[in-house]
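K.L.:
coords below, sequence missing:
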């Protein structure tokens, strides 16, 4: 992304297109740089897609499950 912005933009374009085509709510990646690059592209498109690390999603799911049991 930093050294080769043109390549990064070309690699990002089909991912953003797929997210838009499927009206994705979440986009997961384990790479922090990719997450930042994808999130910036999604913001530029006005998308409401949230970019998360897979472990963040897992933690969210576990927290929601635990809260559901507590109530």
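P.N.:
Looks like it arrived, so ask away. Remember, predicted model here, so these are calculated numbers, not experimental data.
K.L.:
going forward, measure contacts and count neighbours with C-alpha atoms only.
P.N.:
OK.
K.L.:
all helices of this protein, in order?
P.N.:
For the chain, the helices defined by DSSP state H occupy 5-21, 32-45, 54-70.
K.L.:
Distance from the shortest one to the middle of the chain?
P.N.:
The chain centre lies 7 Å from the centre of helix 32-45; the measure is CA atoms, centre = their mean, to the nearest Å.
K.L.:
circling back: and the helices of the chain, which one's lowest on average pLDDT?
P.N.:
Among those, helix 54-70 carries the lowest mean pLDDT, at a mean of 92.
K.L.:
The residue most central in space within the chain bridge partners, please.
P.N.:
What sits nearest the mean C-alpha location of the chain, by CA atoms, centre = their mean, is residue 51, with 2.2 Å. Counting by DSSP bridges, residue 51 forms beta bridges with residue 27.
K.L.:
residues touching it, list them.
P.N.:
Neighbour list for residue 51: 26, 27, 28, 29, 35, 38, 39 [criterion: CA atoms under 8 Å, 6 or more residues apart in numbering].
K.L.:
which of these has the most neighbours?
P.N.:
Counting neighbours by other CA atoms under 10 Å, residue 38 leads the contacts of residue 51 with 24 neighbours.
K.L.:
Nearest residue to that residue in space, please, no chain neighbours.
P.N.:
residue 12 (6.7 Å; CA to CA, 6 or more residues apart in numbering).
K.L.:
how close does the one you found sit to residue 28?
P.N.:
Counting by CA to CA, to the nearest Å, the gap from residue 12 to residue 28 is 13 Å.
K.L.:
Ok, residue 35 next?
P.N.:
8 Å.
K.L.:
Quick check, residue 29 in contact with residue 57.
P.N.:
No: using CA atoms under 8 Å, residue 29 makes no contact with residue 57, being 10.5 Å away.
K.L.:
List the residues that contact residue 49.
P.N.:
When contacts are counted by CA under 8 Å, 6+ apart, residue 49 touches 19, 23, 24, 25, 26, 27, 42.
K.L.:
which of those are buried?
P.N.:
The neighbour count (16 or more other CA atoms under 10 Å) marks 19, 27, 42 as buried among these.
K.L.:
mind listing what the last one touches?
P.N.:
Residue 42 makes contact with 16, 48, 49 under the criterion CA under 8 Å, 6+ apart.
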